[in-house]
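Participant: Sharing a model that was predicted from the sequence below.
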Amino acid sequence: MVAAGAVTAILQEWVDSGVIFGVVIVNAIVGFMQESKASHAIENLAKMVTTESTVLRSGGKKIRINSEELVPGDIVILSSGDKVPADIRLFNVRDLRIDESALTGESISADKIADVLSVGTGS
């Protein structure tokens, strides 16, 4: 569009050149505003997506922390409806089913068990 505006300016078609440059400027302003709104919306969504987890830490106290603060050795306590905050090893489960559709694309929830893993698994 800028090249077309330049060509019309060289040909001294001032009205056409002005209209083309006006459209380019309006397009740039609208694009900037939309990008700004989209960026703000993504930031708000990121704030809403943060998850918390109930963990059992040293001293046997259950505390609720931001999932980003999990460290190796934390014992995560899952309740119905909780999101699994990390790659965790299960100690004890009762009728646990996990929706892994975001990872695998499968539409059916997967049953989870707390069996002992074979040597070399998950190292």
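Facilitator: Nice, thanks for sending it over.
Participant: Same question for the top helix by length along the chain: list its buried residues.
Facilitator: Longest helix of the chain, by residue count under DSSP state H: helix 14-49. For helix 14-49, a neighbour-count test (16 or more other CB atoms under 10 Å) marks Ser17, Ile20, Phe21 as buried. From N, CA and C alone the C-beta is placed, and that goes for glycine too.
Participant: how much space is there between the second one and Ala38?
Facilitator: Think Ile20. Relative to Ala38, Ile20 is positioned 27 Å away (CB to CB, to the nearest Å).
Participant: any idea of the pLDDT on Leu90?
Facilitator: pLDDT for Leu90: 80.
Participant: mind checking the SS state of it?
Facilitator: Put simply, Leu90 is coil when judged by DSSP: H, G, I helix; E, B strand; the rest coil.
Participant: pretty sure it is in contact with Ile113, am I right?
Facilitator: Yes. Counting by CB atoms under 8 Å, Ile113 is a contact partner of Leu90 at 7.3 Å.
Participant: ok, those two, which is more surrounded?
Facilitator: Leu90 (12 against 7; other CB atoms under 10 Å).
Participant: Give the burial count for the closest residue to Asn27 other than its chain neighbours, as a bare number.
Facilitator: Counting by CB to CB, 6 or more residues apart in numbering, Asn27 lies nearest to Met1, which is 7.6 Å off, once chain neighbours are set aside. Residues within reach of Met1, counting by other CB under 10 Å, total 10.
Participant: my read: Met1 touches Gly22, true?
Facilitator: No. Met1 is beyond contact range of Gly22, at 10.5 Å (criterion: CB under 8 Å).
Participant: residues of stretch 89-102 that come out buried?
Facilitator: Result for stretch 89-102 [16+ other CB under 10 Å]: buried residues Leu96.
Participant: Can you pull out the residues in contact with that stretch?
Facilitator: For stretch 89-102, contacts defined as CB atoms under 8 Å, 6 or more residues apart in numbering pick out 75, 78, 84, 106-107, 109-114, 117, 122.
Participant: What is the least confident helix or strand in the chain?
Facilitator: The weakest-scoring helix or strand in the chain, judged by mean pLDDT, DSSP states H and E, is helix 101-104 (a mean of 80).
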